[in-house]
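**Student:** Here is the input, now give the coordinates:
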Amino acid sequence: MTTAFERVQTARHPERPYAMDLFSTVFTDFIEVHGDRRFADDPAMVTGFARLDGREVCVIGQQKGRDINERRHRNFAMPKPEGYRKALRVMRMAEKFGRPIITIIDTPGAYPGIDAEERGQAEAIAFNLREMASLKVPVIVVVLGEGGSGGALAIGIGDRVLMMENAVYSVITPEGCAAILWKDAGRAPDAAEGLKLTADNLKKFDIVDEIVPEPEPWKMPTDGDEASQKAFDVIAGKLKERIIATLDALGVKDSKTLISDRYKKFRKMGAWV
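**Tutor:** Okay, here's the model as predicted:
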């Protein structure tokens, strides 16, 4: 049986599929949109428009990077305020032109640096939460790898939340949780169990709507690696199938119903006594 911390390690594995891998397989004709028109372009957040089985959609994803140079360029998928503002800018464009939105979550969390705080990191995240709740077009969220805290939630307010089988989604990393509770990051496996961050737990709590299965091996294929290529093709095909089916289901709803159902979906989360 796979433990919660083993799922965390799998979600973080550098050979897992990333957002841009999906943009070139699940989607076609991807055109990237850069910049928040206020400060800069954040490479940790990749945004743009693409086609999904002939349907024009908006796609937004957090990108980690394959090698050390790309990881530094992408800031290890930890967006700054300009990344979240860029995402919202593109969402508004999608809403204006009636394009469904698909977001791909894969981040350890929002960047906590001084420069990000100076430019309003918390405000940017909070603003996205509010604005996404009232978007008039369908929004589908895919938790692809690591979904960390507000950095993930800032692009995670949607009508349906799909989660990959080996992904994790939590308010804090297991290491951070262990350091706070026990002053010992080495107890991260214990914290992972308590956080209930795996797909099966989150489905049980109605935090996510659907789990997308992953075959083994799940790593990104390399030249001649037929088993990994086949597994990746299965993952991409299954995810594409579920996104299309979800878009079809949401497409029959008008904007008022979408917003109302989205509000109810998130309001019912948690235990109220």
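**Student:** Quick one: the helices in the protein, in order.
**Tutor:** 4-12, 19-23, 68-73, 81-96, 114-118, 121-133, 149-153, 174-182, 188-195, 199-204, 226-250, 255-267 (DSSP state H).
**Student:** quick one: average pLDDT of the second one?
**Tutor:** Predicted confidence along helix 19-23 averages 94 (mean pLDDT).
**Student:** ok, and for it, which residues are buried?
**Tutor:** For helix 19-23, the neighbour count (16 or more other Cβ atoms under 10 Å) marks A19, M20, D21, L22, F23 as buried. In short, each C-beta sits where N, CA and C put it, glycine included.
**Student:** what's the answer for the fifth one, then?
**Tutor:** If you call a residue buried by 16+ other Cβ under 10 Å, then helix 114-118 has these buried ones: A116.
**Student:** contact partners of that helix?
**Tutor:** Helix 114-118 has contacts (Cβ atoms under 8 Å, 6 or more residues apart in numbering) with K80, P81, A110.
**Student:** which of those lies closest to T10?
**Tutor:** Closest approach to T10 among those (Cβ to Cβ): A110, at 22.6 Å.
**Student:** Tell me how many other residues surround the closest residue to F30 other than its chain neighbours.
**Tutor:** Distances taken as Cβ to Cβ, 6 or more residues apart in numbering place A50 nearest to F30, at 4.2 Å, with adjacent residues excluded. A50 has 21 neighbours, counted by other Cβ atoms under 10 Å.
**Student:** List the beta-bridge partners for A50.
**Tutor:** Per DSSP bridges, the residues bridged to A50 are V57.
**Student:** Give me the pLDDT value at it.
**Tutor:** 97.
**Student:** Surely it is in contact with I60?
**Tutor:** No. The pair A50 / I60 is not scored as a contact, 10.6 Å apart, by Cβ atoms under 8 Å.
**Student:** for the buried residues of helix 19-23, which one is nearest R38?
**Tutor:** Using Cβ to Cβ, A19 is the member of these that lies nearest R38, at 22.8 Å.
**Student:** these two touch, right, the closest one and L144?
**Tutor:** Yes. Judged on Cβ under 8 Å, A19 makes contact with L144 at a distance of 6.6 Å.
**Student:** any common contacting residues for these two?
**Tutor:** With contacts defined as Cβ under 8 Å, 6+ apart, the residues shared by A19 and L144 are G61, I104, D106.
**Student:** If you average pLDDT over each of the helices of the chain, which is lowest?
**Tutor:** Looking at the helices of the chain, the weakest mean confidence is helix 226-250, a mean of 89.
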